[in-house]
Each structure stands twice: as structure tokens, then as C-alpha cells.
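> structure, please.
(chains A and B)
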Amino acid sequence: MSTENTKLYFYPFWLRIWHAINALGIIMLIITGISLQWGIESSFIQFGVAIKIHNISGIILSLNYLLFFVGNIVTKNIRFYLIKPKGFGKRLFKQAQYYTFGMFQGMKSPFPLSEKRKFNPLQKFAYVMVMYLFVPFLIISGFALLFPEIIIDKIYTLSGVLVTSVLHSAAGFLVSVFLIVHLYVASIGKSPVENFKSIITGWHNIH
Amino acid sequence: MSNRKLITILLVFTISSNLLAQSQYDDAKNHTCLKCHASQIIKFQNEVTAKEQKKLMNPYYIIDTLGLKAGVHKSFDCTDCHSYDYSVYPHDGKLKLSPMSSCLDCHGGDPTYATYQFERIDEEFKKSVHFKVSGEDFTCGKCHNQHTYHPTARNSGNVMEIVSYSNSLCLSCHNDMNRYELVSGHENPKIVQIHNWLPNQELHFKHVRCIECHTEVADSLMVSHNILEKELAVRKCAECHNSDSRLKASLYKYTNLQNRNDSTSIGSIFSNESYVIGAQQFPLLKKLSYLIIALTFAGIGVHIFFRYFKK
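Below is the predicted model of the structure:
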């Protein structure tokens, strides 16, 4: 098999549509979310407007998540997210080692991408955590804050609404950190824009 | 003997004699006043027809005996405040026309009650819309039921209980067609309807006292009594949902914050400014988030450096 510029159709159309909506939506949620965190008087987007954009984006993204969830099962794309626990820690460490030292010393990627392996172990771990833990939590807590009457009044001595809002903000913050790292790692390729082109066209170059 | 000393002796005598007698309200059925004023139907001997007669009691004149026994005035007998002539039935019609004792008749100018600041309350009340609308006719009793009164805001550690008690005082008229019209002379506006603009109305009503938005907060007074005209009520979210807000100056200042600051529970770490919107709620989390973001960008920066210069 030639290793020179093999092109693989990595990202099917439905996945690219989902990803594009998700990207735009999450950027809107992060910007408005940060503005809301600044409170009423010092927010850089008018408080009421920020709430509206945040709510609408949240609802659109929740529906979009359904597309991701169902699409992954129907098209069997889910297989790329399944983690084999045996030795996974070691594989994670190997990939992290490659990113932090190996790649500067001319080391070859320990888990080269192929038709059978769309994500390296670190990617897989990060995507599973974000898409199957943090995003569902954000959707559930977000809807709870949209309908605060469904939240229990007190958790120990704390207000239920307060705990929900803090956890929602914390999870949103961690997803924002993920986005920053995600965008940066995506720039690691033959050229910094190569991976960005792939998620638009669907074709991924294997070098 | 000075008048003041005489009054004190009489007062001590009245209170102690009442205390000795346990509570005169224990046996409501045989109490001169309560045998009628604690029931829906009254029976009496009609001296004109010489027959026993039954009548319905005016529901506004029925006393809650359990509340009476639990209230702060439980050791006083009815005639300590109401005219002794009420002991006779049928009551003399003229009794209704003579003015009733006011709270300040006992509580005013007495150092025993200095902490309650009755005179300041009176001063503040005289600036309120209630006084402007009906003057001296708007007695303390219009809101505070002297028969069942107990100082919930002072004694309760449960904010929800304080809120619900405080709001019940307002709603006793503002949600009662007859009592409202008696004072204002017109029909009461519907509370839910006029607060339609308020987001999460139900949640606000459960957790916030009406007076939080409808009074001029006097920092030195525990409960503000200067109820404002509706045009002057708070309508901006930021006045409450911001650090250094008016909420902090009233209810939270005296109960919520105090309780939570005293407690060593985990709640005290989080809940001090829990009503404040925004990251300033928890300075610790805010700092932590800045640190994580700074580390993320620093890591990326170092990585970029090695990518381009150490290849």
C-alpha cells in the first residue's frame, strides 16, 4: 500500500453537516455564555439578547446532537468511538508522548490513521468524553435551567438552581478548553489548514 | 407614685396574673369572648323574644385560637386591648365608633422594646403609600395580625418560611377583594397579571419577598415599612442580580448571609452571593478558569515554538 497521499473519504456528508452546525452553534454558545458570566451590567452582549441567542443555539445544538447520536449508530460510525479498555492507558500515553516529544524528533505517528482507525487514542478519548459525557450533561442541565421549576429546590444547603448553573458553566468551560485544543491539534498536519479542508470536503490525506 | 411606675406595676400584675392562669385561651369554649369569636355559629338568649337564637358569626371576626395561643400576645386577655364593655353581649353599638388601642400605645417610647425600633417603623410607615392613601386608618393591624403575631423574620432560620410569611401579609389584602377595597376604594388588580413582565414569576414569588422590590430599603431597619407607589417598584433585574445589590441590603443582610457566614457547612462556601448572576458569584472558580485558560494557551505556545523552531 502506498503511503504517499492516499485519500480516504473520512467524513460523510451527514457528519460534515452535523459538524458545521455544531461548530457554529458551540461558538455562539461560548461567546454568549462568557458574556452571561460577566453579569448584567458588564456583559459585552446585552444580557437579554445573549440569553435569547444562548437559548436558541442550545436548542438547535440539542437537536443536532440527536443527528450525531442516531447517525453514528445507523451508519456504524460509532465503531470509531468504541474504546478497548485493555492497554488503552498505555496507548494514550504513547500518543501523548508523540505529541509532546516524538513529533519534534522525527518520530512516526504511533497510530497512523487508516480506514479502520479514524482517530488516534487521544482523539478518541477526548471525543468520547466531550460527545458522550460533557455535551449530554450540558444539554440536560441547559434544559433544566430553561425550565427551572423542574430542578429540585435544595441540594444539601445549596439552591438546586445554583448548583445546576455552576455545573453547566463548568462543563461549558471545559468544552471551550477542548475547542481551543481541538482547533490547535487540527492544525498539526502536513500544512496547518489540511485538516480544516478535510472536514469541509470529507477527504482526508494519509501521508 | 409616678404615673409611669403605676402603669408598670399594673402591667406586671396583669401579665403575672395571666401567666398564673396559664393561658386564658386554653378553654376557648368557655372563654367570655372566644365562645362566640372562635366559632362560625353563635348562640345567645334573645331578651326581646325570650328565645335562644342562633346567628352566623362575621367571618372577619372569627379568631384563630391556635394562632392566638402561639402568638406573642398570648398572655394578654382580649380586654387588655379591646374595651372592657365588650364583655357584655349584645355589644353596645357605640363601642365600634371609639378608636381602638394602637400598637404604639404599648410599644411606643418604651426602652424594653427599643431593639424593635417601633418609632422608626412608624416614621417610615408615615412615608408609605399605605399612609398616603388611608392615613391613620391604616393601622399596624392591617398587615400584622395582633392576635396571632409572632416574629417570623427575626426567629426563623429558614428563608423560604420568612418569604412565605412576609408575602402572606401583603396577599391578605392584595389577594382579597373585600379587604383591598375597604382600604383603597377600588377593586384589587390581579397579582399574577400585573407581574406578567417578571421572568420566572413563580420562582420569584416563592423566593423573594414582595417588599424586596416594593419598599425603600432602610439599611438600619430590619424590615422596611416605607411601601412605595407601584410606579417606584424595582423592575430592573440588575438591581437584585448583581453584587452589591439591594437584596443584600435587606433580607440577605440579616438572615441569609448571617446564617451562612456563621455556619461551617460547605454551603457557606458557595451560597453567600448565590443570587448574583455571573462569574463573580465564585471568585475562586473565576480564578481557576483563568488559570486553566492561561495554561492551555501557554502549552499551545510552547508546542508552536517547538513545531517551527526545533524541527
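> my guess is A:M28 contacts A:S57, does it?
Yes: the pair A:M28 / A:S57 is scored as a contact, 4.2 Å apart, by CB atoms under 8 Å. (Each C-beta comes from the backbone N, C-alpha and C, glycine too.)
> these two: which is more packed in?
More crowded of A:M28 and A:S57, by other CB atoms under 10 Å in any protein chain shown: A:S57, with 23 against 17.
> secondary structure element for that one?
Using DSSP states H and E, A:S57 sits within helix A:47-74.
> helices or strands next to that helix in the packing?
Using 3 or more CB pairs under 8 Å, 6 or more residues apart in numbering or on different chains; DSSP states H and E as the contact test, the elements touching helix A:47-74 are helix A:13-37, helix A:135-146.
> now for the shortest one, which elements pack on it?
Meaning helix A:135-146. By 3+ CB pairs under 8 Å, 6+ apart, helix A:135-146 packs against helix A:47-74, helix A:160-186.
> out of those, nearest to B:G71?
helix A:160-186 (33.9 Å; CB to CB).
> which secondary structure elements does the closest one sit against?
helix A:13-37, helix A:121-129, helix A:135-146, helix A:194-201, helix B:283-309.
> quick one: contacts for A:E149?
B:E202, B:L203 (CB atoms under 8 Å, 6 or more residues apart in numbering or on different chains).
> and for B:K142?
The contact partners of B:K142, by CB under 8 Å, 6+ apart, come to B:H130, B:C173, B:V183.
> what comes into contact with stretch A:196-207?
With CB under 8 Å, 6+ apart as the test, stretch A:196-207 has contacts from A:3-13, A:16, A:19, A:112-114, A:186-187, A:190, A:194-195.
> leaving out the residues flanking it, which one is nearest to residue 51?
Using chain A. The shortest distance from A:I51 to any non-neighbouring residue, by CB to CB, 6 or more residues apart in numbering or on different chains, is to A:L36 (6.9 Å).
> ah, no, chain B please
Nearest to B:K51 is B:Q45, by CB to CB, 6+ apart, at 7.7 Å.
> cool, B:R179 as well?
B:C173 (4.4 Å).
> and that neighbour, which helix or strand is it part of?
With DSSP H and E as criterion, B:C173 is part of helix B:159-174.
> what helices or strands is that helix leaning on?
helix B:152-155, helix B:177-184, helix B:201-207, helix B:210-214, helix B:251.
> same list (those) but as JSON lines, adding mean neighbour count and mean pLDDT.
JSON lines is the format used below for the helices and strands packed on helix B:159-174 (neighbours: other CB atoms under 10 Å in any protein chain shown; pLDDT from 0 to 100):
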{"stretch": "helix B:152-155", "mean neighbour count": "14", "mean pLDDT": "79"}
{"stretch": "helix B:177-184", "mean neighbour count": "14", "mean pLDDT": "90"}
{"stretch": "helix B:201-207", "mean neighbour count": "15", "mean pLDDT": "85"}
{"stretch": "helix B:210-214", "mean neighbour count": "21", "mean pLDDT": "90"}
{"stretch": "helix B:251", "mean neighbour count": "24", "mean pLDDT": "50"}
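> now those helices as a markdown table including distance to B:A294?
Below are the helices and strands packed on helix B:159-174 laid out as a markdown table (distance: least, CB to CB, whole Å):
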| stretch | distance to B:A294 |
| --- | --- |
| helix B:152-155 | 46 |
| helix B:177-184 | 59 |
| helix B:201-207 | 37 |
| helix B:210-214 | 39 |
| helix B:251 | 38 |
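> pLDDT value on the residue lying closest to A:S62 once chain neighbours are set aside, please?
Excluding the flanking residues, the one nearest A:S62 by CB to CB, 6+ apart is A:I139, at 4.8 Å. A:I139 is assigned 96 on the pLDDT scale.
> just give the number of residues close to A:I139.
18.
> where does the chain have low pLDDT?
Reading this off chain A. The model of chain A has pLDDT under 70 over residues A:1-5, A:40-41, A:153, A:157-159, A:207.
> the chain in question should be chain B.
B:1-23, B:218-220, B:242-281, B:310-311.
> just the strands in it please.
B:41-46, B:51-56 (DSSP state E).
> need the winner for burial among those strands.
Ranked by mean neighbour count, these are led by strand B:41-46 with a mean of 12 (mean count of other CB atoms under 10 Å in any protein chain shown).
> show me what it is packed up against.
strand B:51-56.
> quick check: closest non-adjacent residue to the residue most central in space within chain A.
When CA atoms, centre = their mean is applied to chain A, the residue found nearest the centroid is A:V130 (5.1 Å). In space, and not counting its chain neighbours, A:V130 is closest to A:F178: 5.3 Å by CB to CB, 6+ apart.
> grab the CA positions of the helix or strand that comes right after the helix holding A:S57 and hand them over as CSV.
With elements assigned by DSSP H and E, the helix or strand that comes after helix A:47-74 is helix A:88-100. What follows is helix A:88-100, C-alpha atoms only, in CSV (Å, rounded to 0.1, in the frame of the first residue of the first chain):
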residue,chain,number,x,y,z
PHE,A,88,-5.8,2.0,26.5
GLY,A,89,-3.9,3.9,29.1
LYS,A,90,-0.6,2.8,27.5
ARG,A,91,-1.8,3.8,24.0
LEU,A,92,-2.9,7.2,25.4
PHE,A,93,0.5,7.7,26.9
LYS,A,94,2.2,6.7,23.7
GLN,A,95,0.2,9.3,21.7
ALA,A,96,0.8,12.0,24.3
GLN,A,97,4.5,11.2,24.1
TYR,A,98,4.4,11.6,20.4
TYR,A,99,2.7,15.0,20.6
THR,A,100,4.9,16.3,23.3
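> got the angle for helix A:88-100 vs helix A:160-186?
60 degrees (axes from the mean of the first three to the mean of the last three CA atoms, to 10 degrees).
> can you point out the buried residues in helix A:88-100?
Across helix A:88-100, burial judged by 16 or more other CB atoms under 10 Å in any protein chain shown covers A:R91, A:L92, A:K94, A:Q95, A:Y98.
> all set now, cheers.
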